[in-house]
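Novice: Provide a 3D model corresponding to the input given below.
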Amino acid sequence: MVLDGTSPRPASRDALWWQSAVVYQVYPRSFADSDGDGIGDLRGVLAHLDHIAGLGIDVVWLSPVCRSPQADNGYDISDYQDIDPLFGTLADLDALIEAVHERGMRLIMDLVVNHTSDEHPWFVESRRGHLGGKSDWYFWRDARPGSVPGEPGAEPNNWGAAFAGSAWEWCPDRNQYYLHLFSAKQPDLNWENAEVREAVFAMMNWWLDRGVDGFRMDVINFISKDPALPDGEVTATGYGDGMPYFSYGPRVHAYLAEMRRRVFEPRPGTYLTVGEMPGVTPQQAREFTDSKRGQLDMVFQFEHVSLDHDGDKWTQRTVSVNDLRDTLGRWQEALAEEGWNSLYWNNHDQPRVVSRFGDDEGCWFGSATALAIVLHLHRGTPYVYQGEELGMTNAVFDDVTDFRDIESLDYYEQTVVRNQGDPAAALAVLRRKSRDNARTPMQWTSGPGAGFTAGTPWIRVNPNHVWLNAADQRSDPGSVYHLYRQLIGLRHSEPAVARGDFALLDVGNEHVYAFRRRLGSREIRVVANLSAADGTFGRDGLELDQVLLGNRPARERETDRLAPWEARVYLVGT
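Specialist: Okay, here's the model as predicted:
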């Protein structure tokens, strides 16, 4: 493989090729283990590329594999230009890039540059203070005037961290605090420093020269902070909400525009740039993805996956079909002309959708496929998270010792250990909401270790792999896997799906999610009963023999009645 930027990439005459693409996210730790140590690795991904390519996938998104102490499963990077030995070597990644390209797909990597690990050489040098050349590469602040440094209440402001506690950590080496919006092991980079930006852009160019086709940018809207770092409104956690001061900072557009100029514009070819943006509004997302600005191709927003939060992530709220319709519909409308949507139900941070918004006990197949049909037929670029194409469900966690996620363990510590809460209630919450639900091993076979590993897996395998696995589904034309193949094929073959406009439809049933896509004379209509009860919908002149796709047998589609969790896709016109 040539490492000078000339390695073969999938050709594209269309600068907006990603509008008809489908992305598959690989979480390497849980995808496939090639060496029996119980942790997934790059050679494991390489061994299963044909499973991904067989779906018709266009882009593989690889979650972090760079060197890391693994405090947050790789989202705490200690060396941006090397591979963590857990996952393999740079040579393994080069081989993977080449194999992805040989199959006509592209590969994007996670770009985690809001923060580094506290073990990154940049931070090690920065914490030495003025003795080091990187003294202001991170956010360092003195204790509040009149306070005792290092004691509670002495922090520079009242912000809370995402993983519990204060967003500030006392560092005796510098006699100052440093900011960490996530774990104390993840100090925030100071993008106000031009040298920081220069180092990040150089690293990005190094990866693109190596053959990578773009980046999914982790919490990229957090890179610009209000320079005053003011206190936030105090929440139920006892800490202030800093989101208004860092989720859409004063220079975020300037930084992303500079990134575009310094990294992407000088290069031939087309690349994919995806910004993960917690708290982003539709208006802001439109600004980031407006093609005239050219900052990002698309963003990940969190509104629809926050619908079941009642004040915070851990408190459950019931979600109605109207909630989903209103939220997704609003984003479709907001980005209709000047932006682009990322479409997703699942990723490494979200519980499995079939257990979350579907019915994984009473109607597993129907809800897994109905939710897939609804998502993939929207306007935007769909993302498939590993195992989603099988209908993988939330896991079975018997005890807190079964969990591995830092966020989940912090929640249990705060709720049970510090606040004397009910352990059974806390476990029930974690079983429903923990990020570990997405991180159980990929279910390849019905055999020991689910075909994921020959060793002891780093986190428990879901016992339902004995009937829910890739080997069985690939051989069954009526499986969830093959419905995903049909959906992806429809996006590739039907221009109205890839580029058509979008409009919600009212069919007189609150449980039926209905919409149309239209491009010229071609129109597609989707009707999906997202409930456990039978439903009906108004035909509105539909010719019922024009069913393009459905998740029930064809003989059952000749009616305006929908079975529980039944979804159909109609072609209207020619």
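Novice: where in the chain is pLDDT low?
Specialist: 1-13, 132, 539-545, 555-558, 573-574 (pLDDT under 70).
Novice: any idea which helix is longest in it?
Specialist: helix 194-209 (DSSP state H).
Novice: now do the buried residues in that helix.
Specialist: 196, 197, 199, 200, 201, 203, 204, 205, 207, 208 (16 or more other Cβ atoms under 10 Å). Every residue, glycine included, has its C-beta placed from N, CA and C.
Novice: next SSE downstream of that helix?
Specialist: strand 214-217 (DSSP states H and E).
Novice: helices and strands around the next helix or strand after that next one, which ones?
Specialist: Next helix or strand after strand 214-217 toward the C-terminus (DSSP H and E): strand 233-234. Helices and strands touching strand 233-234, by 3 or more Cβ pairs under 8 Å, 6 or more residues apart in numbering; DSSP states H and E, are strand 240-241.
Novice: report all helices and strands that the strand it packs on contacts.
Specialist: Strand 240-241 packs on strand 233-234, going by 3+ Cβ pairs under 8 Å, 6+ apart.
Novice: so who does residue 205 touch?
Specialist: Contacts for residue 205 were tallied using Cβ atoms under 8 Å, 6 or more residues apart in numbering; they are residue 263.
Novice: tell me how far it lies from residue 215.
Specialist: In this view, residue 205 and residue 215 are 11 Å apart by Cβ to Cβ, to the nearest Å.
Novice: again with residue 153
Specialist: Distance from residue 153 to residue 215, by Cβ to Cβ: 39 Å.
Novice: more neighbours: which of those two?
Specialist: residue 215 (26 against 10; other Cβ atoms under 10 Å).
Novice: give me the three-state assignment for the residue nearest the centre of the chain.
Specialist: Among the residues of the chain, residue 347 comes closest to the average C-alpha position under Cα atoms, centre = their mean, at 4.2 Å. Secondary structure, DSSP: H, G, I helix; E, B strand; the rest coil: residue 347 is coil.
Novice: distance of it from residue 384?
Specialist: Residue 347 is 10 Å from residue 384, by Cβ to Cβ.
Novice: what's the overlap in contacts for the two?
Specialist: Contacts common to residue 347 and residue 384, judged by Cβ under 8 Å, 6+ apart, are residue 25.
Novice: and which of the buried residues of helix 194-209 is nearest residue 232?
Specialist: residue 196 (24.1 Å; Cβ to Cβ).
Novice: tell me if I'm right that the closest one and residue 190 touch.
Specialist: Yes - taking Cβ atoms under 8 Å as the definition, residue 196 is a contact partner of residue 190 at 5.9 Å.
Novice: now do the shared contacts for these two.
Specialist: residue 137.
Novice: which residue ranges form the strands in the stretch 301-450 of the chain?
Specialist: 342-343, 381-385 (DSSP state E, counting those that start in this stretch).
Novice: what's the closest of those to residue 53?
Specialist: Among the strands of the stretch 301-450 of the chain, strand 381-385 sits nearest to residue 53 (Cβ to Cβ), with 12.6 Å.
Novice: please put the alpha-carbon coordinates of that closest one into PDB.
Specialist: Output of strand 381-385 as PDB, limited to C-alpha atoms (Å, rounded to 0.1, in the frame of the first residue of the first chain):
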ATOM      1  CA  THR A 381     -27.400   9.300   5.300                       C
ATOM      2  CA  PRO A 382     -28.200   6.200   7.300                       C
ATOM      3  CA  TYR A 383     -25.800   4.700   9.800                       C
ATOM      4  CA  VAL A 384     -25.900   1.000  10.700                       C
ATOM      5  CA  TYR A 385     -24.200   0.200  14.000                       C
END
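Novice: residues in contact with that strand?
Specialist: Contacts of strand 381-385 (Cβ under 8 Å, 6+ apart): 18-19, 21-25, 27, 55, 57, 61, 298, 340-348, 350, 375-376, 438, 484, 487-488, 491.
Novice: which residue of the protein sits farthest from its center?
Specialist: residue 146 (42.9 Å).
Novice: for it, helix, strand, or coil?
Specialist: coil.
Novice: tell me how far it lies from residue 73.
Specialist: With Cβ to Cβ as the criterion, residue 146 and residue 73 are 40 Å apart.
Novice: also residue 91?
Specialist: 23 Å.
Novice: what does residue 360 give?
Specialist: 24 Å.
Novice: with residue 131 instead?
Specialist: The value you get for residue 131 to residue 73, if Cβ to Cβ is used, is 33 Å.
Novice: and these two? which has more neighbours close in?
Specialist: residue 73 (21 against 10).
Novice: what's the closest non-adjacent residue to that one?
Specialist: residue 29 (6.1 Å; Cβ to Cβ, 6 or more residues apart in numbering).
Novice: and what of residue 279?
Specialist: Nearest to residue 279 is residue 247, by Cβ to Cβ, 6+ apart, at 4.1 Å.
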